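Undergrad: take this sequence and fold it.
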Amino acid sequence: MRAVLVPVCLLLVSPISTTSWASSSELVLNPKQMCKRARRSRSKMADICINKPGLLQHIAGGIGLAQAECQYQFRYRRWNCTSAKKSIKKVMLRDTRETGFVNAIIAAGITYQVTRACTKGEPLDCSCNKNKNRKKNKKKKYINVPEGDWAWSGCGENIEYGIKRSKDFLDTPYKKRSDMKTLVKLHNYVAGRLAIKNYTRRECKCHGLSGTCTLKTCMRKMPNFREVGNRLKQRFDGAAKVIPGNDGQSFIPEGDTIKPPGKSDLVYSEDSIPTDFCHLNTTLGSFGTQGRSCNGTSQGEDGCGILCCARGFQTYEKVVQKNCQCKFHYCCDVKCEICNETVKYSICN
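TA: All right, here's what the predicted structure looks like:
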């Protein structure tokens with residue numbers, strides 16, 4: 001073991017720029033290619049492509065944010081939302097449960113990113129979401145309420161603007177279509193947006209003398225995007241299979257005893273076979289699970305028994321170096337020893 005000094009300091013960690021991530025990686029939806037097809041039309045999507053490059057950049061950032069979240073949510077599943085070699089685009093050609101999740105998370109990602117940009121004062125054609133009471137009391141910084149009560153005030157996140165722009169870009173090409181795949185796609189877009197809208201939280205600040213809270217001013221805030229991803233993942237696990245309705249304009253559950261899906265539920269019309277993603281299949285966009293790391297002690301989706309598709313797995317050992325026996329020394333260092341630790345890891349055959 002050897003000793004090292006670790007300085008004690010405050011780390012300012014900035015989030016990864018989704019716009020730069022989006023521009024440097026292959027996206028499941030490429031805004032530039034979509035705009036090439038839309039430029040000759042007079043649609044809202046074409047207006048964004050031609051006249052609003054700043055908004056288009058945030059839309060691309062939202063798609064990148066969604067794709068990164070998809071890969072996080074499915075990191076321990078046979079299908080891990082990989083974008084390598086256009087595999088995810090081949091998945092999107094079908095209408096499976098996986099397709100439904102991707103469509104929902106993309107609609108949510110665009111809504112989230114555009115709303116956040118608007119809140120930060122980016123040069124978009126939007127404004128923050130001010131409460132109606134705020135407009136009626138322009139001369140008052142706060143609204144007078146009884147002690148211990150709260151009032152809407154300040155400048156909340158304009159989620160409706162983010163939803164509108166998500167619709168303008170994603171839904172526009174499908175407005176005049178009513179085929180089954182389109183109906184399912186548009187439904188899942190709505191479900192993705194509602195995963196944000198229906199779970200906004202009230203964020204309040206206290207005002208008063210000597211730390212009292214005689215007045216609270218509150219505004220609406222979006223949930224963290226990881227919460228959005230977690231919620232949509234739960235919807236994925238409970239997604240409903242649907243078939244065309246008799247009117248040709250809607251869909252119904254495949255089984256008579258199945259409850260009709262709500263607006264927040266994910267739906268699909270094509271089953272994905274459990275072994276679809278076990279082996280290399282370029283037609284389906286599957287790279288298989290050979291060589292994937294797995295959890296040798298888990299019985300869940302991340303466990304080697306499920307992830308490796310009954311092909312077995314190999315367990316290896318490796319030595320890693322870690323800080324250990326750390327002690328604080330005034331002022332202001334932490335002195336640690338460097339210890340070697342043997343860890344086990346498993347790889348699918």
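
Undergrad: excluding its backbone neighbours, what's nearest T315?
TA: Excluding its sequence neighbours, the residue lying closest to T315 (C-beta to C-beta, 6 or more residues apart in numbering) is S346, at 4.8 Å. The C-beta positions use only the backbone N, C-alpha and C, and glycine is treated the same way.

Undergrad: tell me the pLDDT at that neighbour?
TA: The per-residue pLDDT reported for S346 equals 94.

Undergrad: who are the packing partners of the strand or helix carrying it?
TA: Assessed by DSSP states H and E, S346 sits inside strand 333-348. Contacts defined by 3 or more C-beta pairs under 8 Å, 6 or more residues apart in numbering; DSSP states H and E place strand 333-348 against strand 2-7, strand 293-294, helix 304-307, strand 313-329.

Undergrad: next, the buried residues of that strand.
TA: Along strand 333-348, these residues count as buried under the neighbour rule (16 or more other C-beta atoms under 10 Å): 336, 346-348.

Undergrad: give me the angle between it and strand 313-329.
TA: Angle, strand 333-348 to strand 313-329, by axes from the mean of the first three to the mean of the last three C-alpha atoms, to 10 degrees: 170 degrees.

Undergrad: partners of strand 333-348, with directions?
TA: Strand pairing for strand 333-348, determined by DSSP bridges: strand 2-7 (antiparallel), strand 293-294 (antiparallel), strand 313-329 (antiparallel).

Undergrad: highest mean neighbour count out of these?
TA: Counting by mean count of other C-beta atoms under 10 Å, strand 293-294 has the highest mean neighbour count of the strands paired with strand 333-348, with a mean of 19.

Undergrad: contacts for that strand next, please.
TA: Here strand 293-294 makes contact (C-beta atoms under 8 Å, 6 or more residues apart in numbering) with 302-304, 307-308, 313, 345-348.

Undergrad: as TSV, the residues you listed with distance to V184 would be great.
TA: Output for the contacts of strand 293-294, formatted as TSV (distance: C-beta to C-beta, whole Å):
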residue	distance to V184
D302	29
G303	31
C304	34
L307	28
C308	31
F313	36
Y345	39
S346	37
I347	37
C348	32
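
Undergrad: tell me how many other residues crowd N51.
TA: N51 has 10 neighbouring residues, counting by other C-beta atoms under 10 Å.

Undergrad: please disregard the earlier target; I meant R311.
TA: The local packing of R311 (other C-beta under 10 Å) involves 14 other residues.

Undergrad: excluding chain neighbours, what is closest to it?
TA: Spatial nearest neighbour of R311, chain neighbours left out: N349 (4.6 Å); criterion: C-beta to C-beta, 6+ apart.

Undergrad: from N80, how far out is the one you found?
TA: 17 Å (C-beta to C-beta, to the nearest Å).

Undergrad: with neighbour numbers in mind, choose between those two.
TA: Comparing N349 with N80 by neighbour count (other C-beta under 10 Å), the higher total belongs to N80, at 18 against 13.

Undergrad: returning to what we had before: now the strands paired with strand 333-348 as CSV including mean pLDDT and distance to K44?
TA: Shown next, in CSV, are those (pLDDT from 0 to 100; distance: least, C-beta to C-beta, whole Å):
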stretch, mean pLDDT, distance to K44
strand 2-7, 51, 53
strand 293-294, 93, 44
strand 313-329, 91, 50
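
Undergrad: can you redo those as TSV with distance to D265?
TA: Below are the strands paired with strand 333-348 laid out as TSV (distance: least, C-beta to C-beta, whole Å):
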stretch	distance to D265
strand 2-7	49
strand 293-294	30
strand 313-329	35
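
Undergrad: which one of those strands lies closest to E98?
TA: For E98, the closest of those is strand 293-294, at 19.7 Å, according to C-beta to C-beta.

Undergrad: just give me how far the closest one sits from the chain centre.
TA: In this view, strand 293-294 has its centroid 24 Å away from the chain centroid, taken as C-alpha atoms, centre = their mean, to the nearest Å.

Undergrad: cool, stretch 324-334 as well?
TA: Computed by C-alpha atoms, centre = their mean, the chain-centroid distance of stretch 324-334 equals 39 Å.

Undergrad: and if you look at stretch 240-249?
TA: Centre-to-centre, stretch 240-249 and its host chain are 28 Å apart (C-alpha atoms, centre = their mean).

Undergrad: right, and the helix or strand after the helix or strand of the chain with the lowest mean pLDDT?
TA: Ranking every helix and strand in the chain by mean pLDDT, DSSP states H and E puts helix 18-24 at the bottom, with a mean of 41. Using DSSP H and E, the next helix or strand after helix 18-24 towards the C-terminus is helix 31-38.

Undergrad: show me what the helix ranked longest in the chain is packed up against.
TA: Longest helix in the chain by number of residues (criterion: DSSP state H): helix 97-119. Of the remaining helices and strands, those touching helix 97-119 by 3+ C-beta pairs under 8 Å, 6+ apart are helix 53-73, helix 87-91, helix 159-170, helix 180-197, helix 225-237, strand 267-268.

Undergrad: repeat that for 6 Å
TA: helix 53-73, helix 159-170, helix 180-197, helix 225-237 (3 or more C-beta pairs under 6 Å, 6 or more residues apart in numbering; DSSP states H and E).
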